[in-house]
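Student: heads up, no residue letters with this:
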DNA sequence: AGAATAGTGTCTGTGAGACATTATCTG
DNA sequence: CAGATAATGTCTCACAGACACTATTCT
């Protein structure tokens, strides 16, 4: 950390300044497809272009970069987010025409109903397969987020945050399959869910289902719900 | 990214500035024990205190934060490092008495002979179990590095970088065990190594061993040696 | 020969996937 | 009752660990 070589001191002139920002890949699952949020940029560069929700780090307002990401998420996408996890830092001279920049990239996950309820009108949901036309290195950031999502999902409670409050096991399985991009064995899936034990059954089947046997409803156990605050266990620590 | 809320613009006064730094946890294995490098801080705060090798991000010199970490590693520990991987960002107002700071933490790995050869005289190797007296939040950073090391090791080629150029399988197994903190089944270990296929045998056994059967020497295949440049696959991307 | 460690062959239990069967709804 | 999907029981195969045995050196 702050160990300055003695020949130089902290200079604050334009050329030395580091532009510190945060970018969030906010993912959701809608109609079985992964999508992420883009909002039009309010200022130059790339003014008006659809970009990841992001913003400068504000030392006076933000307790740390996590708080900064939460603030940006709330301001740009109107969402609190149910899962927020640090991805990686993207940095360098080339990525931002204004100069040398450092962006702490995050990835977040919400259920699409929650998202739709508060998403600003000018925001768009882009299909995860389409990374065309993104400004800066936002395509790289989205790719990193998708990769992380895939690798983190088998098996954590993460994908359950793409579901509504309550859900059936077949629904949840479909989400896992969408996120990991491959079919899962039904029996194995159920065994795994039971073993991991972060689900609890809800009273009352799924009566209004259709012409078939109703399914049991489940929800995340209490401990696994308040993700935003408690994330950052395991690999990713720090804020 | 850079989407500034319209009520404020980038102000460069002291209170708004973000202190951008890099800190590296440089790990090695010596006499079967994990150790990490500490160097005395050259300037206030904590002048003279043993701290992680670190320094300010220099936009004029550093291509990106990875290059910055490499520069710091070279300057403070005299080492090029064989594995360098982004850990996480540590940030906030409290961690540095000078003000709101953002440190990109890295973890690096070297063989102890290489390290000892160029380590500055004022540096020290601290046992991984001893996190006492570290300045800033360096104890948190080291903890994160150790956790990452443990979780990333089973089974990647990472621990092999804690070995000399050539090594025997029993030696390598001991390294894995030290890093993961638990004994490994010999047969499983060998099966795994063969399956992962990043090792190749070296001509000539380990004749001068002792009163027992000599062991085959192995080394990392070409592709797995130049780690510094190629890392950042899988989870951690960006720089 | 005996001690010590390297390296290999084989057995077994665990767990994941495939498949089949039973259960429960609607029309 | 037929059709549809949920839920569960069971078989098999792959794999990881345990154990035992063989191999090769030095004293």
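Tutor: Cool, the structure landed. Owing to the predicted nature of the structure, the values given are computational and were not obtained by experimental measurement. Numbers count the residues shown, from 1 in each chain, chains lettered A, B, ... in the order given.

Student: is stretch A:173-193 anywhere near DNA strand C?
Tutor: Yes: counting by CB under 7 Å from any atom of the strand, DNA strand C is contacted by stretch A:173-193 at A:184-189, A:191-192. For every residue, glycine as well, the C-beta is placed using N, CA and C.

Student: any low-confidence regions in chain A?
Tutor: A:1-16, A:81, A:207, A:209, A:226-239 (pLDDT under 70).

Student: now do the domain split for it, please.
Tutor: A:16-152, A:157-224 (automatic domain parsing).

Student: got CSV for the ones you listed, with distance to chain B and mean neighbour count too?
Tutor: Supplementary listing: those in CSV, determined by distance: least, CB to the nearest CB, whole Å; neighbours: other CB atoms under 10 Å in any protein chain shown:
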stretch, distance to chain B, mean neighbour count
domain A:16-152, 4, 20
domain A:157-224, 14, 15
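
Student: now those domains in JSON lines, with distance to residue B:108?
Tutor: Compiled in JSON lines, those are given as follows (distance: least, CB to CB, whole Å):
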{"stretch": "domain A:16-152", "distance to residue B:108": "16"}
{"stretch": "domain A:157-224", "distance to residue B:108": "29"}
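
Student: I'd like to know which of those is closest to residue B:70.
Tutor: Evaluated over these, closeness to residue B:70 peaks at domain A:16-152, with 13.1 Å, by CB to CB.

Student: how about the closest one and DNA strand C, touching?
Tutor: No: with CB under 7 Å from any atom of the strand as the criterion, DNA strand C is not reached by domain A:16-152; the gap is at least 14.9 Å.

Student: and that domain, how far out from the chain middle?
Tutor: 8 Å (CA atoms, centre = their mean, to the nearest Å).

Student: so does it get close to DNA strand D?
Tutor: No: contact of domain A:16-152 with DNA strand D (CB under 7 Å from any atom of the strand) is absent, the minimum separation being 13.8 Å.

Student: following the helix or strand harbouring residue A:188, which helix or strand comes up?
Tutor: Element membership for residue A:188 (DSSP states H and E) is helix A:186-196. Per DSSP H and E, the first helix or strand lying C-terminal to helix A:186-196 is strand A:199-205.

Student: show me what the strand ranked longest in chain A is packed up against.
Tutor: When chain A is parsed with DSSP state E, its longest strand is strand A:19-30. Judged by 3 or more CB pairs under 8 Å, 6 or more residues apart in numbering or on different chains; DSSP states H and E, strand A:19-30 is in contact with strand A:33-40, strand A:54-56, helix A:65-77, strand A:83-92, strand A:101-109, helix A:112-118, helix A:138-153, helix A:169-180.

Student: helix A:138-153 and that one, what's the angle between them?
Tutor: Going by axes from the mean of the first three to the mean of the last three CA atoms, to 10 degrees, strand A:19-30 is angled at 60 degrees with respect to helix A:138-153.
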